[in-house]
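Peer 1: sequence first, then the predicted structure:
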Amino acid sequence: MANLNSSNQIHNDGDHHQIPTQNRVIIHFRFQSRVITPPSSIKQNLNSNSSFLGLDDTFTYDIHNAPDSDSLLYEILSRLPLKSVFKFKCVSKHWQTLISQRSFSQFYISRMLTSNTASCSLPFRILYRYMYDRKIEDILDRFRPESYSSSVLYLSRDQHLDIKFKILAVSNGLMLCWSFSNRVYHVCDPVTRQWVTLGRKKVYKYGPSPSFNWEGFVSRVNEDNVVTSFRIVRVGNLKSPSNYLSLDMYSSETGEWVDYRLPCPNPIAFPKHGAGPISFNGILHWFIYDHGMVSFDPYKDPKSCRVIPFPADRDAQSEVTNDGLYRLCDGCQGKLRFFQVAPDTSSFYCFSMWDLKDYDKGEWCSEFKVTRSDLSSSDHELKSWLMKATFLPLSFHPFDLDIVYMRCVELACVVSYSMHNRKLEVACKPTGVDALSWRVVVPFMIPRWPTPVPISPVP
């Protein structure tokens, strides 16, 4: 097992004080942590009176109704920092087996996701794609659990240096990075700090080496939630409309790049200011001119692509004028969503959203349209700007269908918008990045369990 470095430790004076009370055991925990938080409710036989980080986590455990002899150990270990959990695998063979079981990892992750302080600790960050570190090891150091701040926006701090790396995509805990200096890809696991470097392709099936970019990244996991394979797909530049989509795909199962030239039902071209594709249900979607997406499933054979139009009743003129800057399209909790902000403050509607109700037919359904007079905020300064501020969409909250994050240009901050309450709140300020938009950020789910990187065979 690779190093799992963390500053999280258990206080010696706060270990497991057990006091029998009416056939129950009261257990007090006290630990320091920056990522893992006490939950508000525990399944089955657990009643919790949880607290914020750094305070006692007290829960009541009913011995007589325990499902099995290891359930109490589950409850105890699942409250510890990840580094401590893996250290305790050395206690005994029984503990090693228990911690290695799929059921324990699922229980551990479930407790983290159901925490009542999840909104405070945020099990994800909006990650700025560009990194100024010199080595891939330095990037991985940034993703140690103790390195996370409470801010929703995660930035590389050494902006006086040249940009060395770009975070292209994330999938099932793995991260795809591009090295500008070495011109190679790295697939990394931020928890174990393991990475693999991918070789370059030299020969192309369809003629001379084309220019590929806008990489997509998809991985698959088995029933134990272990990544078994991954695929990287990049598309060829289309400066003019074409009836063919050129793709270059790397498979960890073969260790090779394979290029494809797929027919498209309609002529397609990519925007001038493009970005990496969005991944939805394992399918990659690249934005194209004519206001839609071209999709490709890396694991489906035979290889093919299809075009999915955007909602017909959106503000299409804004798409053309601003090259998609004021819209956000991405997956969230099994839904593919399209969120649009009106660039003109005098527009009747300021925020609009659609869900793709029928993926196969490409049918969108309008969810809401909101005017500026509908908006509110508890932040005094933000409230004074609601009728005149410029908002740029950044990211949906991956665990909360109600929240979308935006950049408030005038206040140089990131705000959260509750669709249900129509309320805007300051989530992070100042941003420190003038050109912050959905094109240069990626929602990054903070890894909750080690994800070994599949090792490709040598071609």
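Peer 2: Everything's here; your move.
Peer 1: now the stretch 51-200 of the chain, which segments are flagged as low pLDDT?
Peer 2: 51-64, 66, 112-123, 144-150, 156-161, 200 (pLDDT under 70).
Peer 1: those strands in it, which residues are they?
Peer 2: Ranges of strands within the stretch 51-200 of the chain are 56-62, 124-128, 130-131, 153-154, 165-171, 174-179, 184-189, 194-198, based on DSSP state E, counting those that start in this stretch.
Peer 1: relative to strand 174-179, how tilted is the second one?
Peer 2: Meaning strand 124-128. 10 degrees (axes from the mean of the first three to the mean of the last three Cα atoms, to 10 degrees).
Peer 1: so that it lines up with my notes, have the first residue be 233 from now on.
Peer 2: Fine by me, first position is 233 from now on; the one you just mentioned is strand 356-360.
Peer 1: strand 356-360 pairs with which strands, and in what direction?
Peer 2: Its sheet considered, strand 356-360 pairs with strand 385-386 (parallel), strand 673-677 (antiparallel) by DSSP bridges.
Peer 1: ok, and what's touching the first one?
Peer 2: The set of residues that contact strand 385-386 without belonging to it, under Cβ atoms under 8 Å, 6 or more residues apart in numbering, is 357-360, 380, 646, 659-660, 663, 673, 676. (Each C-beta comes from the backbone N, C-alpha and C, glycine too.)
Peer 1: could you rerun that using 6 Å?
Peer 2: Outside strand 385-386, the residues within contact range by Cβ atoms under 6 Å, 6 or more residues apart in numbering are 357-359, 646, 660.
Peer 1: could I get the strands paired with strand 356-360 as a markdown table with mean neighbour count and distance to V636?
Peer 2: Listed next are the strands paired with strand 356-360 as a markdown table, based on neighbours: other Cβ atoms under 10 Å; distance: least, Cβ to Cβ, whole Å:
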| stretch | mean neighbour count | distance to V636 |
| --- | --- | --- |
| strand 385-386 | 22 | 14 |
| strand 673-677 | 21 | 11 |
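Peer 1: ok, and for stretch 554-562, which residues are buried?
Peer 2: Buried residues in stretch 554-562, counting neighbours by 16 or more other Cβ atoms under 10 Å, are found at 556-562.
Peer 1: ignore the last one, stretch 584-594
Peer 2: When neighbours are counted by 16+ other Cβ under 10 Å, the buried residues of stretch 584-594 are found to be 584-588, 594.
Peer 1: adding secondary structure, pLDDT and distance to E551, write those out as CSV.
Peer 2: Putting the buried residues of stretch 584-594 into CSV (DSSP: H, G, I helix; E, B strand; the rest coil; pLDDT from 0 to 100; distance: Cβ to Cβ, whole Å) gives the following:
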residue, secondary structure, pLDDT, distance to E551
S584, strand, 98, 13
M585, strand, 98, 15
W586, strand, 98, 13
D587, strand, 98, 18
L588, strand, 97, 17
G594, coil, 95, 17
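Peer 1: OK, contacts around P509?
Peer 2: When contacts are counted by Cβ under 6 Å, 6+ apart, P509 touches 448, 516-518.
Peer 1: that one and F444: what is the separation?
Peer 2: From P509 across to F444, the span is 13 Å (Cβ to Cβ, to the nearest Å).
Peer 1: the longest strand seen in the chain pairs with which strands?
Peer 2: Looking across the chain with DSSP state E, the single longest strand is strand 488-500. Partner strands and pairing direction for strand 488-500 (DSSP bridges) are strand 474-483 (antiparallel).
Peer 1: buried residues in the strand it pairs with, which are they?
Peer 2: Of the residues in strand 474-483, those buried by neighbour count under the rule 16+ other Cβ under 10 Å are 476-483.
Peer 1: out of the buried residues of stretch 554-562, flag the one nearest to R425.
Peer 2: Using Cβ to Cβ, D562 is the member of the buried residues of stretch 554-562 that lies nearest R425, at 27.9 Å.
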